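*Asks:* when you get a sec, could you give me coordinates for this:
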Amino acid sequence: MIPAVITAMYTVELIGSYVARHVESGLTVDLTSRRNRSTTKGPISPLCRKLVELGHDPSGKVHIIRKALDRDGHIPVFQRDRTLKTWAGLDCVESEARSVRGQKYRPRPDAGHLRGGSAF
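*Replies:* Modelled structure (predicted):
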């Protein structure tokens, strides 16, 4: 008998362009306040980073959905599901000059260590 491998499945609902909600827990990331910038980041990756911080399985698959406009229910946003770790390691960036693209997540350095001394 082949043992079954069970991986966690996380469902994330996109609500507009700036809000993402983890369906199972209700945890929500709202980046609406950042929408008037020339470059914006999507809410999926910050939500996935929070889920990893809360101890969710990084190898679990993330299924991203959006409310269907032409019928009841939801539709998948992407053709394939990716792991929580993959989404947590990305930022989806959109600018006025370029369409949405994925780039490696780089945490912002703590500004507190730059005070009172040189950054170089």
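
*Asks:* contacts, neighbours, all on C-alpha from now
*Replies:* Fine.

*Asks:* now do the helices in this structure.
*Replies:* Assigned by DSSP state H, the helices in the chain fall at 44-53, 84-88.

*Asks:* adding distance to residue 33, write these out as a markdown table.
*Replies:* Output for those, formatted as a markdown table (distance: least, Cα to Cα, whole Å):
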| stretch | distance to residue 33 |
| --- | --- |
| helix 44-53 | 15 |
| helix 84-88 | 21 |
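
*Asks:* make a markdown table out of these and add mean pLDDT.
*Replies:* Converted to a markdown table, the helices of the chain look like this (pLDDT from 0 to 100):
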| stretch | mean pLDDT |
| --- | --- |
| helix 44-53 | 94 |
| helix 84-88 | 94 |
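
*Asks:* as TSV, these with distance to residue 28 and mean neighbour count would be great.
*Replies:* Output for these, formatted as TSV (distance: least, Cα to Cα, whole Å; neighbours: other Cα atoms under 10 Å):
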stretch	distance to residue 28	mean neighbour count
helix 44-53	7	20
helix 84-88	15	21
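
*Asks:* out of the ones you listed, nearest to residue 61?
*Replies:* The stretch from the helices of the chain with the least distance to residue 61 (Cα to Cα) is helix 84-88; that distance is 5.9 Å.

*Asks:* contacts only, for residue 13.
*Replies:* Residue 13 makes contact with 20-23, 64-67 under the criterion Cα atoms under 8 Å, 6 or more residues apart in numbering.

*Asks:* now do residue 89
*Replies:* Residue 89 makes contact with 45, 49, 104-105, according to Cα under 8 Å, 6+ apart.

*Asks:* just the contacts of residue 13: which are in strands?
*Replies:* Under the assignment DSSP state E, the contacts of residue 13 contribute 20-22, 64-67 to strands.

*Asks:* let me know the closest of these to residue 87.
*Replies:* residue 64 (10.8 Å).
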